[in-house]
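Engineer: Model the following, please.
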Amino acid sequence: MMNKRHIVVFSGGSAANNLVDVFGKVAEDKECSLSYIIPISDNGGSSSELIRVFGGPGIGDVRSRLVRLIPEDPSSPETTAVKTLFNHRLSPDSTQARHEWLDIVESRHLLWTSIPSPKRELIRSFLNTINLEIVKRVRPTSSFNFQSASVGNLFLTGARLFSGSFESAIYLLGAITGVPSNINVIPAINSNFSHHISAGLQDGTVITGQNAISHPSAPSAPTPATLTTSSSAANLLQEEETISPMTKHARTLSKELTEHDTIEDANLPGSLPTLRKQYIAFTKTHTSDLPSRIERIWYINPYGQEIRPAPNPKVLESLESASAVIYSIGSLYTSIVPCLVLKGVGEKIRGSGVRYKILILNGSLDRETRAAGCEFTARDFIGAIAAACNGGEVREEEWGMYVTHVIYLEGEGTPRVEREVLGRAGVECVRIYGRKRDGEGEEGGMLYDGTALAQALEAIIGGGKRGVVDRSRRNTLGISGVAG
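Structural biologist: Here you go, the predicted structure:
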């Protein structure tokens, strides 16, 4: 059983990574252990290629958090080198990436320079495991694309395939890199299989796959083309003009299924093509708004049918022993909600005696929370969290069972906070200091000050006077970014 003084953080990868030092400081000051619950439904980036060829969970966010937790030690070239290795991405050019990968697995790459031989050979053994599996799966119809591949993702996949256990792979990476033993990185679902999500919009649209929901992109490689003669192509074009849109969609889907079934990979024949494509290259900014607001998120099987999987037992165990739950910044519907809709999670949050349930409101809005010109407010964020936990809409007066506090920033681009409405619902609002986001992004918004956020969290969890922070303190924890 975990320590009763325990903090559970629901988060995704890149955005919440900027708050890791804050959460670590709060846990240390409060003498608490700390658990991060991380979703495994991401099917974009280099994870999409690993899923296409090997199946298995989307491991990018788990790897990202583990590497971020490696202790900083400027006096240790080994620690820095190991962290750099597991954070390294191969070249965006697929041919150059393949050559770079061979240099790594054959111990010729400069990344190995400061890593001592025993540790280097241990790491290489799992990289060679995944390399052997890649070579074994090469077929005329398909081969692994190393473009922008994460070395850490490849290591975790090699360790998972070797041990047959995702959690063993996580343990191994944490042990090799020195992740503190009082910090747990827990995948929301402990599985050797892929788990995908769909989003239902208010206008009835269904979007399949996390990549398409949060940052849609074209597949990184075209599907095999079907050859036709010029005359048959002309006949098809003439026919296309007379058939209905529904028939066109059905024929397109059938064609995609047929084409993908000619590719030998780790996915079941007949499964949805959108879940079996490479989405290696994408951008998280400058994406178009959704046509309608997201109404619900659910898990699907490979054929698109709704399922409700059980969470990793360690998720329920951590909630059972938690004194505080934190919903971190990040993508609301693809980072936080996929953890909350799992069977039994909402019930644990509602009824396990967790005293503090704290939402750190995003400092900006993104594609998921700015749909069809309608911007989310704090009320929308809390309603979405409560509905995900409950399995359906929750009355405002019951929101306090899932969120007791909201920490937020004020400034251009930040979500509006309805203090009076939330106060009547039993949710306390705590405004803290932040700074304006820098950079070329079109979304604007504000960034959290690390010291102010840590003070606010400690005041809430400690039960002290809330809502009062020292605005004169500088940001000493190096927060560099927030995803809306």
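Engineer: Would you quantify the distance from Ser91 to Ser214?
Structural biologist: Counting by C-beta to C-beta, to the nearest Å, the separation of Ser91 from Ser214 is 25 Å. Where you see a C-beta, it was placed from the backbone N, CA and C, and this is true even at glycine.
Engineer: now Pro140
Structural biologist: Distance, Pro140 to Ser214, by C-beta to C-beta: 34 Å.
Engineer: in the stretch 101-250 of the chain, which ranges drop under the pLDDT threshold?
Structural biologist: Scanning the stretch 101-250 of the chain for pLDDT under 70 picks out 217-250.
Engineer: which residues in it form helices?
Structural biologist: 117-136, 151-163, 166-177, 210-214, 230-240, 245-261 (DSSP state H, counting those that start in this stretch).
Engineer: now do the same end-to-end measure for stretch 333-353.
Structural biologist: 25 Å (C-alpha to C-alpha, to the nearest Å).
Engineer: same deal with stretch 299-306?
Structural biologist: Start and end residues of stretch 299-306 are separated by 6 Å (C-alpha to C-alpha).
Engineer: Between Pro140 and Ser214, tell me which one has more neighbours.
Structural biologist: Between Pro140 and Ser214, counted using other C-beta atoms under 10 Å, the more crowded position is Ser214 (25 against 8).
Engineer: On the three-state scheme, Ala387 is what?
Structural biologist: Secondary structure, DSSP: H, G, I helix; E, B strand; the rest coil: Ala387 is helix.
Engineer: Correct me if wrong: Cys32 contacts Phe23.
Structural biologist: No - using C-beta atoms under 8 Å, Cys32 is not in contact with Phe23, being 9.8 Å away.
Engineer: Overlap in contacts, the two.
Structural biologist: Common neighbours of Cys32 and Phe23 (criterion: C-beta atoms under 8 Å, 6 or more residues apart in numbering): Ile7.
Engineer: Compare neighbour counts for those two and give me the winner.
Structural biologist: Phe23 (23 against 20).
Engineer: Now do the same contact list for the more buried one.
Structural biologist: Counted by C-beta under 8 Å, 6+ apart, Phe23 has contacts Ile7, Val9, Leu34, Ile326, Ser328, Leu457.
Engineer: element containing it?
Structural biologist: helix 20-29 (DSSP states H and E).
Engineer: same thing with Ala452?
Structural biologist: helix 450-462.
Engineer: residues of that helix that come out buried?
Structural biologist: Neighbour-count burial for helix 450-462 flags Gly450, Thr451, Ala452, Leu453, Ala454, Gln455, Ala456, Leu457, Ala459, Ile460, Ile461 (criterion: 16 or more other C-beta atoms under 10 Å).
Engineer: ditto for stretch 428-437
Structural biologist: Along stretch 428-437, these residues count as buried under the neighbour rule (16+ other C-beta under 10 Å): Glu428, Cys429, Val430, Arg431, Ile432, Tyr433, Gly434, Arg437.
Engineer: By pLDDT, rank the residues you listed and give me the bottom one.
Structural biologist: By pLDDT, Arg437 ranks lowest within these, coming in at 83.
Engineer: With adjacent residues omitted, what lies nearest to that one?
Structural biologist: Spatial nearest neighbour of Arg437, excluding adjacent residues (C-beta to C-beta, 6 or more residues apart in numbering): Gly445 at 4.9 Å.
Engineer: Could I get the contacting residues of that neighbour?
Structural biologist: Gly445 makes contact with Asn362, Gly363, Ser364, Leu365, Gly411, Glu412, Gly413, Thr414, Arg437, Val482, Gly484, according to C-beta under 8 Å, 6+ apart.
Engineer: With secondary structure and distance to Tyr402 added, can I get the residues you listed in TSV?
Structural biologist: Formatted as TSV, the contacts of Gly445 follow (DSSP: H, G, I helix; E, B strand; the rest coil; distance: C-beta to C-beta, whole Å):
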residue	secondary structure	distance to Tyr402
Asn362	coil	17
Gly363	coil	22
Ser364	coil	23
Leu365	coil	21
Gly411	coil	26
Glu412	coil	29
Gly413	coil	26
Thr414	coil	22
Arg437	coil	28
Val482	coil	22
Gly484	coil	21
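Engineer: Include distance to Thr79 when you put those residues into a markdown table, please.
Structural biologist: Shown next, in a markdown table, are the contacts of Gly445 (distance: C-beta to C-beta, whole Å):
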| residue | distance to Thr79 |
| --- | --- |
| Asn362 | 32 |
| Gly363 | 31 |
| Ser364 | 33 |
| Leu365 | 37 |
| Gly411 | 37 |
| Glu412 | 39 |
| Gly413 | 37 |
| Thr414 | 36 |
| Arg437 | 30 |
| Val482 | 27 |
| Gly484 | 32 |
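Engineer: Among the residues you listed, find the lowest-pLDDT one for me.
Structural biologist: When these are sorted by pLDDT, the bottom entry is Gly484 at 33.
Engineer: Okay, domains of this protein per the record?
Structural biologist: Domain segmentation of the chain under automatic domain parsing yields 1-29+309-484, 30-187, 224-262.
Engineer: Roughly how far does Ile130 sit from Ala169?
Structural biologist: Look at Ile130 and Ala169: by C-beta to C-beta, they are 11 Å apart.
Engineer: Could you tell me which residues touch both of these two?
Structural biologist: Thr157.
Engineer: ok so, going back, helices or strands up against whichever helix or strand comes after the helix holding Phe23?
Structural biologist: Sequence order places strand 33-38 as the next helix or strand after helix 20-29, per DSSP H and E. Applying 3 or more C-beta pairs under 8 Å, 6 or more residues apart in numbering; DSSP states H and E, one finds that strand 33-38 contacts strand 6-10, helix 20-29, helix 60-68, strand 183-187, helix 313-320.
Engineer: Would you mind finding the most buried of those?
Structural biologist: Highest mean neighbour count among these (mean count of other C-beta atoms under 10 Å): strand 6-10, with a mean of 26.
Engineer: before we move on, the earlier item: which of the helices and strands packed on strand 33-38 sits closest to Ile407?
Structural biologist: Ile407 lies closest to helix 20-29 among those, at 10.8 Å (C-beta to C-beta).
Engineer: the inter-axis angle of the closest one versus helix 60-68?
Structural biologist: Angle between the axes of helix 20-29 and helix 60-68 is 60 degrees (criterion: axes from the mean of the first three to the mean of the last three C-alpha atoms, to 10 degrees).
Engineer: how distant is helix 20-29 from the center of its chain?
Structural biologist: The chain centre lies 21 Å from the centre of helix 20-29; the measure is C-alpha atoms, centre = their mean, to the nearest Å.
Engineer: And for stretch 424-440?
Structural biologist: The answer for stretch 424-440 is 22 Å, by C-alpha atoms, centre = their mean.
Engineer: do the same with stretch 35-55
Structural biologist: The chain centroid and the centroid of stretch 35-55 are separated by 8 Å, computed with C-alpha atoms, centre = their mean.
Engineer: Help me confirm that Thr377 comes into contact with Val417.
Structural biologist: Yes - at 6.9 Å, Thr377 counts as touching Val417 under the criterion of C-beta under 8 Å.
Engineer: Remind me which helix or strand the closest residue to Val9 other than its chain neighbours belongs to.
Structural biologist: Among residues not flanking Val9 along the chain, Ile326 sits closest, at 4.7 Å (C-beta to C-beta, 6+ apart). Using DSSP H and E, Ile326 sits in strand 324-327.
Engineer: Put the alpha carbons of that strand into PDB.
Structural biologist: C-alpha atoms of strand 324-327 as PDB (Å, rounded to 0.1, in the frame of the first residue of the first chain):
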ATOM      1  CA  ALA A 324      -4.800  15.200  -3.100                       C
ATOM      2  CA  VAL A 325      -5.600  14.800  -6.800                       C
ATOM      3  CA  ILE A 326      -4.400  17.300  -9.300                       C
ATOM      4  CA  TYR A 327      -5.700  17.700 -12.900                       C
END
